[in-house]
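In: have a look at this prediction, sequence included:
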Amino acid sequence: MTTTTLNKTAGSVLLAHTQCATATITVGSAVDVSTKLGPATAYVKMGRTIANALTNNVRFRIDGSAKTSGNDEWAPLYEWQSANGSTAASKTTLNDAACDAGDTSFTLTSATGFTAGDLVYLRETGTPANSEWCRAKSTSSNTLSLEEALTRGHTNGIDVTDLAEVFAIPFDVSGQVRVRLVVDTASAASGQTVDCIAWLVTADSANTA
């Protein structure tokens with residue numbers, strides 16, 4: 001009996017943490033996949049920055065290219081849109097001066113509208129890369145308990161919003177030389193932004209034993 005093991009590259013940046021303004025097209029980094037095998041997965045996260053509903057959902061697109069350069073060589077591989085962008089979110093602020101990495105709960109100024117199962121976005125504007133997505137397990141008064149511990153500590157008073165979204169998009173890179181992510185907020189309402197970040201996992205080689 002033989003066993004095949006894939007060697008992978010984890011966490012290639014498709015899009016650094018970016019505040020995607022309304023009525024813009026945000027183009028992520030082109031990632032070289034010329035030496036990669038077939039299977040890959042893009043992990044895309046979106047956080048709401050305001051409570052108001054967007055006029056339309058945010059659109060996402062993964063592009064592939066047959067060439068190592070040229071802006072005219074991109075073609076769409078996969079397209080989708082957010083599920084909750086056109087629904088009003090709940091927004092409050094963190095009211096917990098001791099919110100640290102490893103905590104499994106934190107206190108909000110108001111937990112109204114936050115429910116178990118919500119994907120919650122803690123938005124750090126001072127150092128945006130320190131923002132975090134976490135999933136609510138339960139609420140009690142203004143305390144939000146989490147399914148898993150926080151990865152990072154957070155600044156007291158930052159905005160906290162529900163209805164965040166995360167997507168895992170599997171696709172094939174065997175026919176691509178490079179890939180990229182595009183975030184399209186062109187049809188969202190004026191003045192409304194979302195924050196997005198995206199990573200790519202690819203297979204580099206396969207060992208058979």
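Out: Happy to help now that I have it.

In: residues contacting the residue nearest the centre of the chain?
Out: Geometric centre of the chain, nearest residue: Lys45, 1.1 Å, by Cα atoms, centre = their mean. If a contact means Cβ atoms under 8 Å, 6 or more residues apart in numbering, then Lys45 has 133, 164-167, 196-198 as its contacts. The C-beta positions use only the backbone N, C-alpha and C, and glycine is treated the same way.

In: what's the neighbour count on the residue lying closest to it once chain neighbours are set aside?
Out: The shortest distance from Lys45 to any non-neighbouring residue, by Cβ to Cβ, 6 or more residues apart in numbering, is to Val166 (4.7 Å). For Val166, the neighbour count with other Cβ atoms under 10 Å is 13.

In: run a quick check on Val166 versus Val44, I expect a contact.
Out: Yes - using Cβ atoms under 8 Å, Val166 is in contact with Val44, at 7.0 Å.

In: just the CA atoms of stretch 131-138, as CSV, please.
Out: Coordinates of each C-alpha in stretch 131-138 appear next as CSV, following Å, rounded to 0.1, in the frame of the first residue of the first chain:
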residue,chain,number,x,y,z
SER,A,131,-7.9,43.2,14.0
GLU,A,132,-9.5,39.9,14.7
TRP,A,133,-12.5,37.7,13.7
CYS,A,134,-14.0,35.5,16.4
ARG,A,135,-17.2,33.5,16.8
ALA,A,136,-19.7,34.1,19.6
LYS,A,137,-20.7,31.2,21.8
SER,A,138,-23.2,33.0,24.0
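
In: what does it contact?
Out: Contact partners of stretch 131-138, identified using Cβ under 8 Å, 6+ apart, comprise 17, 45, 47, 114-124, 144-148, 150-152, 154, 162, 164, 166, 195.

In: low pLDDT regions in this structure?
Out: Where the chain drops to pLDDT under 70, the residues are 188-191, 209.

In: list the backbone torsions phi and psi for Ser110.
Out: Torsion angles at Ser110 (phi, psi; degrees, to the nearest 10) stand at phi -150, psi 130.

In: got the contact list for it?
Out: Counting by Cβ under 8 Å, 6+ apart, the residues that Ser110 touches are 92, 142.

In: same question for Pro76.
Out: Residues in contact with Pro76 (Cβ under 8 Å, 6+ apart) are 61-63.

In: which one of the residues you listed sits closest to Thr3?
Out: Top of the list for closeness to Thr3, among the contacts of Pro76 and by Cβ to Cβ, is Ile62 at 30.6 Å.
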